[in-house]
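# sequence-free structure coming up:
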């Protein structure tokens, strides 16, 4: 008599359920990371622009606010952008959290630290 090898039907269903669960969570989290990448991109573009070097903090925040409005960024407001000037260079930072509903009453809270550096 030989021993059978392989995965049982129940084992296959369990593996498929775990894979589907991970994919669903990934699909829910991807938009938050795309928005984070957009925020970082805008912070870098503003910090590198020649307009930001001579601008006031409020003007720089307004620049970010206009870009955020165009790209429909909801997680960070223009007032949340911290501006630090070091000589000729400008460093922009935004620290924020995003709460994402996964399933039912289960949510994920992700903390982001976007910077122009």
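It's in. Predicted model, so just to flag it, every value in this text is computed and none were measured.
# Regarding the chain, what is its longest strand?
Counting residues, the longest strand found in the chain (DSSP state E) is strand 89-103.
# Mind checking what helix or strand follows that strand in sequence?
Once the chain leaves strand 89-103, the next helix or strand it forms, by DSSP states H and E, is strand 106-115.
# Now do that next one against strand 89-103, angle only.
170 degrees (axes from the mean of the first three to the mean of the last three Cα atoms, to 10 degrees).
# Which residues belonging to strand 106-115 are considered buried?
112, 114-115 (16 or more other Cβ atoms under 10 Å). To be clear about C-beta, it is placed using only N, CA and C from the backbone, and glycine gets the same treatment.
# that older thread, buried stuff in the longest strand of the chain?
Buried residues in strand 89-103, counted by 16+ other Cβ under 10 Å: 90, 92, 94, 96, 98.
# I'd guessed the last one sits against residue 109; true?
It refers to residue 98. Yes - under the criterion of Cβ atoms under 8 Å, residue 98 lies in contact with residue 109, with a separation of 7.3 Å.
# I figured residue 109 was touching residue 101, is that so?
No - with contacts counted by Cβ under 8 Å, residue 109 stays clear of residue 101, the gap being 10.7 Å.
# Check the offset of the lowest-mean-pLDDT helix or strand in the chain from the chain's centre.
Ranked by mean pLDDT, DSSP states H and E, the weakest helix or strand in the chain is helix 50-53, scoring a mean of 77. Mean C-alpha position of helix 50-53 versus that of the full chain (Cα atoms, centre = their mean, to the nearest Å) differs by 25 Å.
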